[in-house]
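Chemist: build me a model from this:
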Amino acid sequence: MATEKRSFTISVLKESEVIYYGECNSLTIPSSKDFITILPYHTPLIMKLGAGPITMRSDGQKQILATVKTGLVYVGENEVTVLVDL
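Modeler: As a prediction, this is how the structure comes out:
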């Protein structure tokens, strides 16, 4: 029986640079009403971000990647791209 991958690739980008690129186990992003947590194999999604922190968990460690004013998130095939305005 094959083991299922329990992580996914994330890219957090602002206009002039890559803030973060790598693997994580979960990603929490602000929406217009609350926070959404994205896990491996999440349903595809395109959404506008609200203001707040973007946090990730990887190997049990929590890390704040950025605090955003607004932005967009795209969730695809076990991959997430976040475009932010800081």
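
Chemist: the helix or strand hosting residue 20 packs against which elements?
Modeler: Per DSSP states H and E, residue 20 falls inside strand 17-24. If you count contacts as 3 or more CB pairs under 8 Å, 6 or more residues apart in numbering; DSSP states H and E, strand 17-24 packs onto strand 8-14, strand 52-58, strand 61-68. C-beta coordinates here come from the backbone N, C-alpha and C atoms, glycine included.

Chemist: now the last one: buried residues?
Modeler: For strand 61-68, a neighbour-count test (16 or more other CB atoms under 10 Å) marks 65, 66, 68 as buried.

Chemist: what residues does that strand touch?
Modeler: 12, 14, 19-20, 30, 49, 51-57, 84-86 (CB atoms under 8 Å, 6 or more residues apart in numbering).

Chemist: closest one to residue 6 out of the buried residues of strand 61-68, please.
Modeler: Within these, the smallest distance to residue 6 is 19.5 Å, found for residue 65 (CB to CB).

Chemist: distance of that closest one from residue 25?
Modeler: 14 Å (CB to CB, to the nearest Å).

Chemist: what touches both of these two?
Modeler: residue 56.

Chemist: show me where the chain dips below the pLDDT cut-off.
Modeler: Applying pLDDT under 70 to the chain picks out residues 1-4.

Chemist: so for it, the centremost residue is which one?
Modeler: residue 27 (4.4 Å; CA atoms, centre = their mean).

Chemist: so which helix or strand takes in it?
Modeler: Going by DSSP H and E, residue 27 is in strand 26-30.

Chemist: may I see the buried residues of whichever helix or strand comes after that strand?
Modeler: Downstream of strand 26-30, the next assigned helix or strand under DSSP H and E is strand 35-38. Judged by neighbour count (16+ other CB under 10 Å), strand 35-38 contains these buried residues: 36, 38.

Chemist: counting by contacts, list what strand 35-38 packs against.
Modeler: Using 3+ CB pairs under 8 Å, 6+ apart, strand 35-38 sits against strand 26-30.

Chemist: run the chain-centre distance for the strand it packs on.
Modeler: 5 Å (CA atoms, centre = their mean, to the nearest Å).
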